[in-house]
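**Q** give me a 3D structure for the following:
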Amino acid sequence: MNVFAIEGIFSLLVEVVLLGVKIYAFVNCLMFSKEHYTAAGKMTKPAWSIILGLGLVLQVLMVASSPINLINLAFTIAAFVYLADVRPALASLTRRR
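**A** Below you'll find the predicted structure:
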């Protein structure tokens, strides 16, 4: 096993993890109603759906390229922003008291 094989395995692992994060963020985005987004004071549901869906589609279409390119990085950051900021705000609205 040489350095290039290790690099290829690591690149594939990173790509699979980033794809999983984007799939989870996109599916979670679709689970809340648009009223939840308004009540939480966040961007609208269609906006988040388009951003996260486009990032997911572009990563799937750009399989041959590196998982760490500028476009993929931008949409990965958007998915992490959704998961770190928007999702907790939406989830706090649906908790039972």
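**Q** give the buried residues for the helix or strand hosting residue 47.
**A** Residue 47 belongs to helix 45-61 when assigned by DSSP states H and E. Applying a neighbour-count criterion of 16 or more other Cβ atoms under 10 Å, one finds 45, 48, 51, 52, 53, 55, 56, 59 buried in helix 45-61. Heads up, the C-betas are built off the backbone N, CA and C, glycines and all.
**Q** of those, closest to residue 15?
**A** For the buried residues of helix 45-61, the minimum distance to residue 15 (Cβ to Cβ) is 7.6 Å, reached by residue 59.
**Q** ok now do that closest one, which residues does it touch?
**A** When the contact criterion is Cβ atoms under 8 Å, 6 or more residues apart in numbering, the partners of residue 59 are 15, 18, 19, 22, 67, 72, 75.
**Q** how about residue 85?
**A** By Cβ under 8 Å, 6+ apart, the contact set of residue 85 is residue 42.
**Q** low pLDDT regions in this protein?
**A** Filtered on pLDDT under 70, the chain yields the residue ranges 63-68, 95-97.
**Q** list the contacts of stretch 20-31.
**A** 45, 48-49, 52-53, 55-56, 59, 75-76, 79-80, 82-83, 86-87.
**Q** and the angle for the helix ranked longest in the chain with helix 45-61?
**A** For the chain, the longest helix by residue count, based on DSSP state H, is helix 3-30. For the pair helix 3-30 and helix 45-61, the angle between their directions (axes from the mean of the first three to the mean of the last three Cα atoms, to 10 degrees) equals 160 degrees.
**Q** on contacts alone, who are the packing partners of the strand or helix carrying residue 73?
**A** Counting by DSSP H and E, the secondary-structure element that holds residue 73 is helix 70-81. The contact analysis (3 or more Cβ pairs under 8 Å, 6 or more residues apart in numbering; DSSP states H and E) places helix 70-81 against helix 3-30, helix 45-61.
**Q** quick one on the thing from earlier: after the longest helix of the chain, which helix or strand is next?
**A** Heading C-terminal from helix 3-30, the first helix or strand you meet, by DSSP H and E, is helix 34-40.
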